[in-house]
Structures are given as structure tokens and as C-alpha cells.
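Enquirer: Got a predicted structure plus its sequence, pasted below:
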Amino acid sequence: MNFLAHYYLSFQDPALQLGNLLGEIVKGNQYKNFDKSIQQGILLHRAIDTFTDEHLIVQQSSSHFHKTQHKFSPIIIDVVYDYMLIKNWARFSNQPYEEYKANAYLFFSEISPNHSPSLNQLLYYLLKYDWFGNYRTLEGIQKTLNGIGARTKYPHNLGNALAVIEANEAQIEAEFLEFFPELILYCKAFLDEKESIYKAKDKPIHL
């Protein structure tokens, strides 16, 4: 999943939202350098990625691009699923998307620069180039993919992804709408389990 979905799946919890962003950057056991609530967001980010990558519906969505995009197919689906989330926003939120985006951008702008230089750079580009705005249209999705292509050192065909997206949009949307509710339930169960573990660890031991 891409940035918008990760943010949405933090369920308006600021520590989870921050951790979910850091999950894009923090590697290995570095997550232990953060407070427990932020650790939970980082681990949630990783759990989302694993659940998504292994899910058969997502693999089916990715297969639409195998012929032309090869190993970049999962990257395209990550971005296109954010487009599908916005397209079907009313199914998943009672808050208008523009209002939700404005609140998200305010949150991003208030994040302390002390967490990570890499996070600062990510947030700078996210806000400057209005990534959450780009995800609203297929043209914006193509613009996003062009940016990814400009940053990769590998040969790619990302500049021509739009035609494949348009040809398979209805099918990908159906796949997304089947998958995303499952992901929401998975994330809530994951967080409930982690909360139970933290509470058990913090519970005093009576000898």
C-alpha cells in the first residue's frame, strides 16, 4: 500500500500516523529507538506491507501489469490502490476527502524535524508536490509513477503505465473493494493484539 492508505490505516492516532510514516524509512531493529506507541506504528506499516504483498487479490491486480511493467507491477498497484481509495472514499470515511487531506497536511507540517532527516525529506516532497492530491486522478497517478521512474536506476516502462491502468480500471477497482475491507480488519486485529502484549508486559508481577 502507498502513503495515503498507510495514513488512513493509522485510524487517526497521531503516534500510529507518525510511526506509519517512519515505517517507510526505519529498517531492522532501529524501530526500538522510538517510544512504544511509535514502534507500534512502524510495526503496523510492516504488517500492512506483508499482508498486502502476500494477498492473492493484490497479486491478481498486479498481474494486469506483468506483461508491460514486469517487476514494477507491485509498485504500480500500491499507487493505484491509493487512487481507488479516494475514488471510493465515501465507503470508508464520513469526512470529505479535501478536509481529510487538509488535516493530514497540517499534521505532516507539525511533525518535529528531529525524528529523521529522511523523514524530513519525504515530508518536504509530499507537501510540495501534493502527493495526496495527485492520487485523486489517473493523470496524477501517472505523474507519481513518472517521479518514481526518475528516481530508480533500473530500466522501466513506468511512463506508459496509464494505458494499462485505464484498460483494467474496472477490474482493479473490484479487486481493491474486495481486498481493502479485509486489510482494515487485519490492521485492527493487529493493533488489538499488540496492545494486549504491551499491557501484559507492563502488568506488575505479584510474587
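Expert: Alright, I've got the coordinates. Not measured: the values here are computed from a predicted model.
Enquirer: At which residues are the helices of this structure located?
Expert: Along the chain, counting by DSSP state H, helices occupy 3-8, 14-22, 36-54, 56-63, 66-69, 73-87, 89-92, 97-109, 117-128, 131-134, 138-151, 161-202.
Enquirer: Remind me what the fourth one packs against, helices and strands.
Expert: What it means is helix 56-63. helix 73-87, helix 161-202 (3 or more CB pairs under 8 Å, 6 or more residues apart in numbering; DSSP states H and E). Backbone N, C-alpha and C define where each C-beta goes, glycine included.
Enquirer: Can I get that helix as PDB, trimmed to CA atoms?
Expert: Taking Å, rounded to 0.1, in the frame of the first residue of the first chain, the C-alpha atoms of helix 56-63 are listed here in PDB:
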ATOM      1  CA  LEU A  56      -3.900 -13.300  -3.700                       C
ATOM      2  CA  ILE A  57      -6.300 -10.400  -4.700                       C
ATOM      3  CA  VAL A  58      -3.400  -7.900  -4.700                       C
ATOM      4  CA  GLN A  59      -1.300 -10.400  -6.700                       C
ATOM      5  CA  GLN A  60      -4.200 -10.600  -9.200                       C
ATOM      6  CA  SER A  61      -4.300  -6.800  -9.500                       C
ATOM      7  CA  SER A  62      -0.500  -6.800 -10.000                       C
ATOM      8  CA  SER A  63      -0.800  -9.400 -12.800                       C
END
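Enquirer: Off-centre distance for the helix-or-strand element of the chain with minimal mean pLDDT?
Expert: Every helix and strand in the chain was compared by mean pLDDT, DSSP states H and E; the lowest is helix 161-202, with a mean of 86. Relative to its chain's centre, helix 161-202 lies at 9 Å (CA atoms, centre = their mean, to the nearest Å).
Enquirer: so what's Ser118 closest to, chain neighbours aside?
Expert: Spatial nearest neighbour of Ser118, chain neighbours left out: Ile25 (4.6 Å); criterion: CB to CB, 6 or more residues apart in numbering.
Enquirer: I misspoke; the intended subject was Tyr31.
Expert: Nearest one to Tyr31, counting by CB to CB, 6+ apart, is Ile42 at 4.2 Å.
Enquirer: In contact with Gln53, which residues?
Expert: Slight slip there: residue 53 is Asp, not Gln. Pro74 (CB atoms under 8 Å, 6 or more residues apart in numbering).
Enquirer: how close does it get to Asn33?
Expert: 25 Å (CB to CB, to the nearest Å).
Enquirer: hang on, the earlier thing: the residue nearest to Tyr31 and Phe107: what is the separation?
Expert: 17 Å.
Enquirer: neighbour-wise, which of these two wins?
Expert: Ile42 (24 against 16; other CB atoms under 10 Å).
Enquirer: right, and the more buried one touches Leu21 too?
Expert: No: with contact defined as CB atoms under 8 Å, Ile42 does not reach Leu21; the gap is 9.1 Å.
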